[in-house]
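>>> Whatever this is, show me its structure:
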Amino acid sequence: MGVGVLLVLLYCLVFFIPKQVQFSYAGRTCAPQLTLFPGIHKASENTIFTTSFGDEFKVGSFAIASTKMCFTAAGEPQEGNFRVGTAPFGGFLFKKNFSVNVPAPPVVNTMSLEKPLPVSKPLAVDLSVPDVVFSYKLENGAKAADCVKVEEDLHCDVPALKLKQGKEYNLALTRQFKNGAKKTLVQRTIKTLRAVTIKKGSVKNKQTVYSKPKSFTFTADKPLKHAEATLILDEKKDQPVEAVVETKDKTLTIKLAKQLAREKSYKLTLTKVEAVDGSTLMEPEEISFNMSGGPKVTGVNIGKSRVSGSAVAVIQFDQKLSSEVDIKKYVSISGGSAIITKNTSSVSVALQNLPRCKAFSFVVAKDLPSKYDIKSKEGWNYNSRTICHTIATYGTSVQGRPLNAYVFGSSGPVTMYTGAVHGSEPSSSGLMQAWVNELEAHPDRLSGKRIVVVPTINPDGIAAGSRTNSRGVNLNRNFPTDNWEKDIDDTDGKHKDGGGKKPLSEPEAKALATLTQQYRPRLLLSFHAVGSLVQGDPGSPSASYAAKYASMVGYGNATGSSDTFDYGITGGYEQWAWSNQGIPVMVVELGSYSAYYIDHHRAALWAML
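Reported below is the predicted structural model:
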């Protein structure tokens with residue numbers, strides 16, 4: 001009797017009283033439990049957990065016994081105690097009961113979401129306990145990144161969200177059991193880290209490098225952790241240049257294995273730069289640069305002509321020259337003497353009183369070394385000439401402006417060209433200035449000739465845009481002809497005192513008369529505007545010249561015409577020169593007040609010589 005009761009109590013203790021089991025989020029939930037023939041046991045009551053057996057003893061494939069009972073959540077675990085029973089064939093006999101205690105789910109530590117996030121590496125989120133039961137995701141709208149469990153952390157794949165640096169986003173951390181409903185654990189606006197930027201570098205995009213660099217350095221705005229870069233010869237993009245990349249604090253250094261080839265183009269790409277805080281470059285940074293050759297001349301401060309005989313010519317180079325070099329071995333002058341001195345990146349050549357209209361040239365020999373001892377492969381020469389004309393200031397205007405004549409040649413018959421006796425005809429002055437330039441460019445055509453060019457007879461009128469000088473006198477009515485008059489007719493009617501108080505009362509007219517008498521030209525060409533015609537003096541040699549000029553430029557020939565102008569001309573410069581001085585004169589009335597078209601007149605101007 002007593003033994004039976006004892007057996008009943010023992011049976012109840014073993015099979016009916018529930019065994020306490022603590023559910024684990026960190027791994028499998030199992031309890032020690034000896035079970036014979038586990039293959040015939042089934043859960044007798046189970047809605048929350050499924051059961052399985054562990055540590056089985058088998059004969060062949062048949063399980064004789066197991067020493068472990070394991071519980072797996074069939075649905076989303078809920079906090080509380082849950083009863084689970086197993087028995088042979090799911091019956092009542094030998095039924096074993098368990099009470100599974102489910103604690104609260106793991107708690108997320110949101111500290112990592114309180115500061116700006118790097119977009120290039122996973123976000124580590126702390127859990128209160130490890131969790132293999134739920135899946136976690138970091139979401140940005142419709143985009144989601146999986147969070148992988150690493151011990152007690154979640155590592156969320158932030159790069160998969162393709163966030164941009166230095167921006168704000170509304171992110172949510174969610175939890176889900178299998179395919180069940182998602183639960184948002186945290187939702188907040190976060191900022192991503194500002195991108196790391198390169199503030200300066202020892203080489204810049206499109207730069208020409210004149211030195212022999214052993215490395216290139218770049219400075220970032222943040223301490224750096226890691227960097228990667230590529231250097232390629234731009235002409236052979238499949239052939240990288242060997243280099244080592246190092247970082248220290250905010251400095252990135254690219255050390256070259258050997259010297260770069262001269263006169264070649266390279267492309268340096270900072271492919272990846274990561275700061276200590278996890279930020280990266282916004283995008284790879286490319287720097288294209290060229291390696292220089294030896295010194296090359298980039299320019300000289302004098303022209304091909306009109307150079308003063310005592311000018312200082314400065315030959316500019318593209319880089320600094322060697323401080324040790326004897327520059328006179330590499331830079332020379334022919335056609336004259338000069339003092340040659342070297343500056344940092346230029347050479348000064350001080351001409352020593354070269355004569356007028358003297359051709360000379362500079363020569364820079366090859367192999368000129370730079371500051372970094374890189375030698376030039378090619379020489380350079382430059383031909384020029386000193387100024388061919390002299391400027392004779394033959395007087396001053398009423399307002400004190402100089403009256404200048406440009407004189408070419410020292411002997412031979414004189415041909416004289418004048419313009420702008422009327423200040424409202426600037427085309428005539430412009431053509432004469434262009435003619436001076438033309439003569440300077442071709443001194444070889446002036447042998448045995450003298451040429452005098454007066455571009456602007458009336459500088460005060462040109463400055464004011466007025467036909468008359470600053471005292472209201474028409475200078476072309478102020479010469480001592482037989483028909484000089486004080487009051488004159490002009491293009492716009494009568495003008496009291498328009499011819500001046502007396503002949504040559506105006507300093508401009510008086511000075512021009514003296515100049516004309518001084519040179520007594522074989523031919524005088526007086527340029528005016530506007531009319532598109534040429535007029536010589538009948539019976540004068542100028543008549544044939546006028547016909548030729550008119551024919552060459554397509555103007556009308558008004559020689560001998562008495563009604564060319566619809567107003568009377570008294571005291572005219574051209575009339576005085578021919579009638580009073582016996583100087584052949586021709587008048588050229590240009591086709592425009594402002595445009596002078598030197599190309600149109602060039603051949604005719606030369607023909608007058």
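>>> what pLDDT, on average, does stretch 324-336 get?
Averaging pLDDT along stretch 324-336 yields 96.
>>> Likewise for stretch 34-53?
79.
>>> Over to stretch 433-453?
Rounded to a whole number, the mean pLDDT of stretch 433-453 is 95.
>>> what residue ranges in the stretch 501-609 of the chain score low on pLDDT?
Counting by pLDDT under 70, the ranges of the stretch 501-609 of the chain that qualify are 563-567.
>>> Helices along that one, start to end?
Secondary structure of the stretch 501-609 of the chain by DSSP state H, counting those that start in this stretch: the helices cover 507-519, 542-553, 573-575, 598-607.
>>> in the second one, what counts as buried?
Using 16 or more other CB atoms under 10 Å as the burial criterion, the residues of helix 542-553 that qualify are Ser542, Ala543, Tyr545, Ala546, Lys548, Tyr549, Ala550, Met552, Val553. (Glycine included, C-beta is placed from N, CA and C.)
>>> Name the residues that touch that helix?
With contact meaning CB atoms under 8 Å, 6 or more residues apart in numbering, helix 542-553 is reached by 523-524, 533-537, 555-557, 559-560, 578, 584-586, 588, 600-601, 603-604, 607-608.
>>> Give me the buried subset of the residues you listed.
Looks like the contacts of helix 542-553 have 523-524, 533-537, 555, 557, 559, 578, 584-586, 588, 601, 604, 608 buried, using 16+ other CB under 10 Å.
>>> would you turn the buried residues of helix 542-553 into a markdown table with distance to Arg188?
Shown next, in a markdown table, are those (distance: CB to CB, whole Å):
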| residue | distance to Arg188 |
| --- | --- |
| Ser542 | 99 |
| Ala543 | 101 |
| Tyr545 | 96 |
| Ala546 | 96 |
| Lys548 | 95 |
| Tyr549 | 91 |
| Ala550 | 92 |
| Met552 | 89 |
| Val553 | 86 |
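>>> so where do the strands sit in the stretch 401-550 of the chain?
With strands called from DSSP state E, counting those that start in this stretch, the stretch 401-550 of the chain shows them at 402-408, 414-418, 450-454, 488-490, 493-495, 523-529, 533-536.
>>> Of the ones you listed, give the one that comes closest to Val307.
For the strands of the stretch 401-550 of the chain, the distance to Val307 is smallest for strand 402-408, at 15.6 Å, taking CB to CB.
>>> Out of the buried residues of helix 542-553, flag the one nearest to Val125.
Val553 (90.6 Å).
>>> And the helices of the stretch 501-609 of the chain: which comes nearest Asn109?
helix 598-607 (85.4 Å).
>>> elements contacting the closest one?
Applying 3 or more CB pairs under 8 Å, 6 or more residues apart in numbering; DSSP states H and E, we find helix 598-607 packed against helix 426-441, helix 542-553.
>>> Need the residues that contact the longest one.
Surrounding helix 426-441, the residues in contact under the criterion CB under 8 Å, 6+ apart are 304-306, 387-389, 406, 408, 417-420, 446, 451, 453-456, 462, 527-530, 590, 592-598, 601-602, 605.
>>> Using PDB, list the CA coordinates for it.
In PDB, the C-alpha atoms belonging to helix 426-441 read as follows (Å, rounded to 0.1, in the frame of the first residue of the first chain):
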ATOM      1  CA  PRO A 426      38.200 110.800 -87.600                       C
ATOM      2  CA  SER A 427      38.400 108.300 -90.400                       C
ATOM      3  CA  SER A 428      41.100 110.300 -92.000                       C
ATOM      4  CA  SER A 429      43.200 110.300 -88.800                       C
ATOM      5  CA  GLY A 430      42.600 106.600 -88.300                       C
ATOM      6  CA  LEU A 431      43.800 105.800 -91.900                       C
ATOM      7  CA  MET A 432      46.900 107.900 -91.400                       C
ATOM      8  CA  GLN A 433      47.700 106.100 -88.100                       C
ATOM      9  CA  ALA A 434      47.300 102.800 -89.900                       C
ATOM     10  CA  TRP A 435      49.500 104.000 -92.700                       C
ATOM     11  CA  VAL A 436      52.300 104.800 -90.200                       C
ATOM     12  CA  ASN A 437      52.000 101.200 -89.000                       C
ATOM     13  CA  GLU A 438      52.200 100.000 -92.500                       C
ATOM     14  CA  LEU A 439      55.400 102.000 -93.200                       C
ATOM     15  CA  GLU A 440      56.900 100.700 -90.000                       C
ATOM     16  CA  ALA A 441      56.300  97.100 -91.100                       C
END
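>>> Now do it: distance to the chain's middle.
Distance of helix 426-441 from the chain centroid (CA atoms, centre = their mean, to the nearest Å) equals 39 Å.
>>> Between strand 402-408 and it, find me the angle.
40 degrees (axes from the mean of the first three to the mean of the last three CA atoms, to 10 degrees).
>>> got it, and the shortest one?
Here helix 542-553 runs at an angle of 90 degrees relative to strand 402-408 (the same axes, to 10 degrees).
>>> now could you export just the CA positions of helix 542-553 as CSV?
Extracted C-alpha coordinates of helix 542-553, given in CSV (Å, rounded to 0.1, in the frame of the first residue of the first chain):
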residue,chain,number,x,y,z
SER,A,542,48.9,115.5,-108.9
ALA,A,543,46.2,115.1,-111.6
SER,A,544,47.7,111.8,-112.8
TYR,A,545,48.2,110.6,-109.2
ALA,A,546,44.6,111.4,-108.4
ALA,A,547,43.4,109.4,-111.4
LYS,A,548,45.5,106.4,-110.4
TYR,A,549,44.3,106.5,-106.7
ALA,A,550,40.7,106.9,-107.7
SER,A,551,41.0,103.9,-110.1
MET,A,552,42.7,101.7,-107.5
VAL,A,553,40.1,102.3,-104.7
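>>> Determine which of the strands of the stretch 401-550 of the chain approaches Lys272 most closely.
strand 402-408 (68.1 Å).
>>> residues in contact with that closest one?
Residues outside strand 402-408 that contact it (CB under 8 Å, 6+ apart) are 388-397, 436, 439, 443, 446, 449-457, 459, 508, 511-512, 515.
>>> From those residues, keep the buried residues only.
By the neighbour-count criterion of 16+ other CB under 10 Å, the contacts of strand 402-408 include these buried positions: 388-389, 392, 394-395, 397, 436, 439, 443, 446, 449-457, 459, 508, 511-512, 515.
>>> Compile the helices and strands packed on helix 598-607 into JSON lines and extend it with columns for distance to Asp131.
Formatted as JSON lines, the helices and strands packed on helix 598-607 follow (distance: least, CB to CB, whole Å):
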{"stretch": "helix 426-441", "distance to Asp131": "90"}
{"stretch": "helix 542-553", "distance to Asp131": "100"}
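>>> what about those, which gets the closest to Glu324?
Comparison of the helices and strands packed on helix 598-607 against Glu324 by CB to CB identifies helix 426-441 as nearest, at 40.5 Å.
>>> of all the helices of the stretch 501-609 of the chain, which lies closest to Lys366?
For Lys366, the closest of the helices of the stretch 501-609 of the chain is helix 598-607, at 39.1 Å, according to CB to CB.
>>> what comes up buried for stretch 314-321?
Ile315, Phe317, Asp318, Gln319, Lys320, Leu321.
>>> go on, stretch 177-192?
Within stretch 177-192, the residues scored as buried using 16+ other CB under 10 Å are Phe177, Leu185, Ile190, Thr192.
>>> Kindly report the same for stretch 359-368.
Buried residues in stretch 359-368 (16+ other CB under 10 Å): Phe360, Phe362, Val364, Leu368.
>>> Can you name every helix or strand that the one helix or strand the first one maps to contacts?
Under the criterion DSSP states H and E, the helix or strand holding Phe360 is strand 359-364. Contact analysis of strand 359-364 by 3+ CB pairs under 8 Å, 6+ apart lists strand 312-317, strand 331-334, strand 346-351, strand 380-385 as its packing neighbours.
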